[in-house]
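J.: Quick one, fold the following:
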Amino acid sequence: MNDQELARDLGFLEAYTLGLGTMIGAGIFVLPGIVAGRAGPAAMVSFMIGGSVALLAALSLSELATGMPKAGGSYYYVNQALGGLFGTIVGWGMWGGLMFATAFYMLGFGQYLLSAPSDAIPVIAAALLMASLLVAINYRGVKETGSLQNVIVIALLVLIGGFIAVGLTALNPDLLTPFTPEGWGAVGLTAGTVFVTFIGFEVIATSAEEIKSPGRNLPLSMIAAVVTPTILYVLVMLVSTGILPIDIIEDSPVPVADVAGASVEAYGSVGAFGYSISLSWIASGVMIVGAILATVSSANASILSAARVNFAMGRDRILSDWLNQIHGAYRTPYRAILATGAVILLLIAGPLPISTLADVAAFMFLITYALVHVAVVVLRRANPENYEPDFRIPNLLYPIVPILGFITCIGVMIQMAPIVQGIGVGIVGVGVLWYVGYARDRSEVESLLGEAVAPTETDSQEHEEERYTVVVPVANPETQRTLLRYAAASAAGSDGEHAEIVAVNVNEVPPQTSLAQEAAMEEERVDRQRELLQNAREAGEDLGVAVRTRAIIGRNTAEVLLGVIDEEDADHVLLGWGGPRSRREFVFGSTLDPLLERAPCEVTLVRDPSDVTEIVALAGEGMNAPVAARRAAELARAFGAQLRLLNVQPTDPGETPEGEKIDPEEAGAEIIQNIASAAGLEQDEYVMDVRVSEDVRETLLESVAEVDTVCVGATGQSFVAQALYGTIPQAIVDQSDGTVIMARGEQTTTRTLREAIIERLGGRAD
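T.: The predicted structure is shown next:
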């Protein structure tokens with residue numbers, strides 16, 4: 001049975017913005033009002049402490065996530081390392097923490113929307129309404145939410161950067177004294193509250209299966225997602241407490257907006273259309289809009305993460321599979337989303353103040369990260385076979401990082417308010433009772449603590465033989481066998497016994513569904529995928545060629561296939577094509593166009609693949625004509641068919657540089673011979689066919705209509721751009737009733753500065 005893969009299509013930038021989108025949310029807009037009253041200007045030190053604790057956790061999580069990239073993040077790592085009991089505690093803790101955090105974000109949304117305290121009835125109503133909308137959106141599944149999230153993050157960075165830059169110019173140093181009005185003990189207490197702003201990098205860990213080059217991109221994105229907001233939070237607190245008195249910030253439901261207004265108050269107003277508008281009012285309004293976007297973005301990301309934790313627990317039989325069902329039409333984990341949403345609504349409408357919601361969320365993740373640090377040590381010591389991290393905490397910092405991380409997490413938790421500790425311990429108790437009463441007899445995961453005490457060394461060696469590789473995406477059972485035979489012909493003609501065909505099938509899923517959820521829950525689609533690839537393997541056996549299959553679940557088929565081509569170091573990709581598309585939309589289709597433009601290897605596109613009895617390759621002067629001739633020769637050998645190299649010359653091809661009249665027959669023959677030589681064809685492998693006509697285009701089209709298969713080279717460096725309607729290749733596609741093959745050779749394109757920078761950072765230059 002074929003094992004399914006999850007597509008790695010998130011680069012550094014995507015992973016970084018994914019984490020940052022959760023971390024730059026209600027924390028940066030709502031917390032200044034809460035923490036300023038607790039610790040005064042020294043609250044910025046609380047953010048430094050929280051950021052430092054988060055940075056230690058990010059390092060440990062990076063190793064775990066690259067060593068065991070599975071949906072569920074910290075829950076999965078702790079469960080695998082410490083066993084079902086601690087896994088259940090962390091699973092319930094993460095789920096609860098994300099729901100408490102979402103309720104906190106939504107009340108922050110209501111505060112900024114209505115400029116009223118979080119316990120006001122209209123604020124609660126607005127929070128309930130928006131939370132319900134987000135749950136409905138995630139239930140329905142909206143593919144564009146990922147792109148929207150990136151736009152929101154960029155907009156917020158610009159807004160906050162402007163807020164800090166302007167605020168620093170209006171700073172009043174006198175307001176920063178006394179720096180610790182409530183003493184340093186309050187600073188430590190406040191560090192627990194602000195930690196809710198640092199749970200976002202956990203979202204990156206839960207998406208570890210989808211991050212490409214994880215050994216570099218995952219730790220970089222997690223560290224950057226912690227360092228960036230830490231710096232911003234510290235500066236926002238510096239500006240806030242340096243512009244308005246503590247009591248005003250503490251009493252304001254929209255503290256950052258009030259600070260923004262005060263920072264530009266001295267600049268007066270601006271005139272527009274005969275009206276005078278206060279700059280203070282504009283600045284406040286802009287920050288309110290930013291806060292609304294930020295809180296919504298944070299809540300949306302947290303709902304998705306909570307649903308993924310549900311799935312991971314169900315996969316390990318700690319929760320019932322009932323929660324993991326995928327919606328038949330929307331393809332989202334709708335039950336997990338609804339259950340998560342229901343608890344969030346109860347928390348919003350409940351009696352707990354907004355500050356306590358933030359504290360409990362932070363407390364639960366501090367428990368989680370304390371156990372994460374323990375898991376790193378256990379897995380390092382036990383060294384199980386399935387633990388092969390692409391990133392390891394450097395030897396200079398190990399075991400300092402996990403030990404210090406565990407101590408700091410416990411230290412911050414001890415400083416938190418008794419009510420928060422009580423609720424947190426209560427959630428832990430629920431986890432313990434759930435494990436004892438339900439999960440203990442069902443969970444098949446055993447603790448590695450014993451192995452950690454007495455570790456066993458394991459060695460592994462890998463040897464890879466260089467092969468000529470042909471990638472064949474398969475999706476249509478009716479044509480896949482013929483496509484594989486075409487691929488086998490190419491492989492045999494290029495490298496014989498050292499060739500390999502890689503048959504790939506991709507299932508696309510929306511962003512609301514974890515890729516692993518699709519693999520586990522969509523039985524009908526998974527069975528169809530397995531059947532396709534099983535047929536591909538059987539076809540390979542019949543053809544006497546090695547066929548390796550890959551079943552991949554991803555967000556975007558074209559990007560997944562480009563990733564496969566890169567991973568396999570493919571020499572050739574052969575694709576089936578259903579026929580013409582609307583020119584205004586795509587030339588070949590939304591999947592094929594990116595592949596044809598960006599795949600670095602040889603590309604062959606086949607419409608209506610069938611058995612070949614006679615094949616014609618157009619022998620023109622295009623750069624890809626030799627590739628088309630070679631492809632045609634490969635098929636002719638495989639099918640025992642006759643190959644004709646066709647060239648059509650005008651009746652008057654002109655004169656030589658010396659002024660002699662060119663003979664069209666000789667000119668055509670010379671072109672065919674040059675192309676055959678470039679394609680590596682022997683003279684007895686093809687029939688030379690030179691035709692002379694006043695209407696070259698019409699004669700060419702009539703000639704190819706005589707055979708069942710025609711092979712043509714792409715007419716330019718940009719395969720898609722040059723193969724538009726009206727060109728000879730496209731005319732052949734339109735008028736031919738048989739098999740049409742379009743081919744291009746390997747291509748290398750000069751990268752723009754933007755593409756080079758994005759590639760260097762591990763992203764995609766879309």
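
J.: Quick one: mean pLDDT for stretch 675-688?
T.: Averaged over stretch 675-688, pLDDT sits at 90.

J.: And it, what's buried?
T.: Across stretch 675-688, burial judged by 16 or more other Cβ atoms under 10 Å covers Ile675, Ala676, Ala679, Leu681, Glu685, Tyr686. Heads up, the C-betas are built off the backbone N, CA and C, glycines and all.

J.: which element is the second one on?
T.: With elements taken from DSSP states H and E, the one containing Ala676 is helix 664-678.

J.: What is that helix packed up against?
T.: Applying 3 or more Cβ pairs under 8 Å, 6 or more residues apart in numbering; DSSP states H and E, one finds that helix 664-678 contacts helix 625-639, strand 642-650, strand 687-693.

J.: Kindly reformat the buried residues of stretch 675-688 as TSV containing distance to Tyr468.
T.: Shown next, in TSV, are the buried residues of stretch 675-688 (distance: Cβ to Cβ, whole Å):
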residue	distance to Tyr468
Ile675	22
Ala676	21
Ala679	16
Leu681	18
Glu685	20
Tyr686	23
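
J.: Span of stretch 270-284 from start to end?
T.: Using Cα to Cα, to the nearest Å, one end of stretch 270-284 lies 15 Å from the other.

J.: just stretch 609-626 next, same as before
T.: End-to-end distance of stretch 609-626 (Cα to Cα): 21 Å.

J.: What residues sit buried inside the helix holding Ala676?
T.: Pro664, Ala667, Gly668, Ala669, Ile671, Ile672, Ile675, Ala676.

J.: Please tell me how far the residue nearest to Lys661 when sequence neighbours are not counted sits from Ile675.
T.: Computed as Cβ to Cβ, 6 or more residues apart in numbering, the closest residue to Lys661 that is not its neighbour in sequence is Glu655, at 5.7 Å. Separation of Glu655 from Ile675 (Cβ to Cβ, to the nearest Å): 23 Å.

J.: could you give the mean pLDDT of the longest helix that the chain contains?
T.: Longest helix in the chain, counting residues (DSSP state H): helix 279-315. Helix 279-315 carries an average pLDDT of 83.

J.: Contacts made by the next helix or strand after that helix with the rest, please.
T.: Once the chain leaves helix 279-315, the next helix or strand it forms, by DSSP H and E, is helix 334-349. For helix 334-349, the surrounding residues in contact (Cβ atoms under 8 Å, 6 or more residues apart in numbering) are 95, 98-100, 102-103, 106-107, 124, 127-128, 131-132, 134-135, 138-139, 303, 306-307, 310-311, 322-327, 357, 512.

J.: What are the neighbouring residues in contact with Leu397?
T.: Contacts of Leu397 (Cβ under 8 Å, 6+ apart): Leu59.

J.: Check for me that it belongs to a strand.
T.: No: applying DSSP: H, G, I helix; E, B strand; the rest coil, one finds Leu397 to be coil, outside a strand.

J.: Which pLDDT does the model give it?
T.: Note for Leu397: predicted pLDDT of 91.

J.: just the one 10 residues further on next, same as before
T.: The predicted local distance difference test score for Ile407 is 96.

J.: Go through the longest helix of the chain and flag the buried ones.
T.: 279-280, 283-284, 286-288, 290-315.

J.: coming back round to it: hmm, Asp663 and the residue nearest to Lys661 touching each other?
T.: No: counting by Cβ atoms under 8 Å, Glu655 stays clear of Asp663, with 11.0 Å between them.

J.: These two: who's more crowded?
T.: Neighbours were counted for Glu655 and for Asp663 using other Cβ atoms under 10 Å; Asp663 has more, 13 against 10.

J.: Give the closest residue to Ser280 in space, chain neighbours not counted.
T.: Gly261 (4.0 Å).
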